[in-house]
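[1] Got a predicted structure plus its sequence, pasted below:
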Amino acid sequence: MRRTDREVTDSEKIRDVITACHCCRLGFSDQGQVYIVPLNFGYEEADGRRIFYFHGAPEGRKIQLIRAGNPVGFELDTDYQLKEAPEACGYSARFRSVIGTGRVSLLEEPEEKIHALRCIMEHYTGRKDWEFPAVAVEKTAAFRLVVEELSCKEHD
């Protein structure tokens, strides 16, 4: 990171930034082009790894790119505030953000999919006790991003 004065390395603070975010953007490489998808997400730390969970339709470009198995980039941001100044070059912004890379895989087993869906629902509602109809679990694609690299930045 170029601006080490803005770098966040404390795990608890990184977790706080992730928790405050509402959207995670996944960036896929697709035959020389970039395909970015904004997604709702769930998050957990397990076995020393940072893991994001997502869901969506079981077909389409995103699913094809997940099946290709290439690394992905991701980005989350929160608390954006424009900082005005008398001159154009003096303008800036306050924000907190997380970026990184990792590998995404589809979850096939119903128990894995339910775990992912519960993590997503917990992120947005704070509740862990959700139930999901079997037909909904069967028709929903759930996928997991295991983080390989991550950096967090806070500009205040």
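    Alright, I've got the coordinates. Residues are numbered from 1 along each chain as shown.
[2] going forward, measure contacts and count neighbours with C-alpha atoms only.
    Will do.
[3] Could you tell me how far Gly102 is located from Ile36?
    As judged by Cα to Cα, to the nearest Å, Gly102 and Ile36 stand 14 Å apart.
[4] most centrally placed residue in the protein?
    The centre of the chain sits closest to Cys24, judged by Cα atoms, centre = their mean, with a distance of 3.7 Å.
[5] any idea how far that residue is from Leu106?
    Distance from Cys24 to Leu106, counting by Cα to Cα: 17 Å.
[6] can you check Ala85 too?
    For Ala85, the distance to Leu106 equals 47 Å [Cα to Cα].
[7] For the two, indicate the residue with more neighbours.
    More crowded of Ala85 and Leu106, by other Cα atoms under 10 Å: Leu106, with 20 against 10.
[8] so the more buried one touches Gln64, yeah?
    No: with contacts counted by Cα atoms under 8 Å, Leu106 stays clear of Gln64, the gap being 10.5 Å.
[9] Neighbour count: Gly102 and Ile36, which is higher?
    Neighbours per residue, other Cα under 10 Å: of Gly102 and Ile36, the larger number sits with Gly102, 20 against 16.
[10] isn't there a helix covering that one?
    No: counting by DSSP: H, G, I helix; E, B strand; the rest coil, Gly102 falls outside a helix, being strand.
[11] Helices of this structure, start to end?
    Secondary structure of the chain (DSSP state H): helices located at 11-20, 61-68, 110-125, 134-139.
[12] related to what we said a few turns ago, residues in contact with the residue nearest to the centre of the chain?
    Neighbour list for Cys24: Pro38, Leu39, Asn40, Phe41, Phe74, Glu75, Leu76 [criterion: Cα atoms under 8 Å, 6 or more residues apart in numbering].
[13] what number of residues lie near Val104?
    For Val104, the count of nearby residues is 26 (other Cα under 10 Å).
[14] Grab the nearest non-local neighbour of Tyr80.
    Phe95 (4.5 Å; Cα to Cα, 6 or more residues apart in numbering).
[15] got a list of what the one you found touches?
    Asp77, Thr78, Asp79, Tyr80, Gln81, Glu154, His155, Asp156 are the contacts of Phe95 under Cα under 8 Å, 6+ apart.
[16] For those residues, point out the one with the lowest pLDDT.
    On pLDDT alone, Asp156 ranks lowest of these, at 76.
[17] Against Leu82, how distant is that one?
    Taking Cα to Cα, one finds Asp156 at 11 Å from Leu82.
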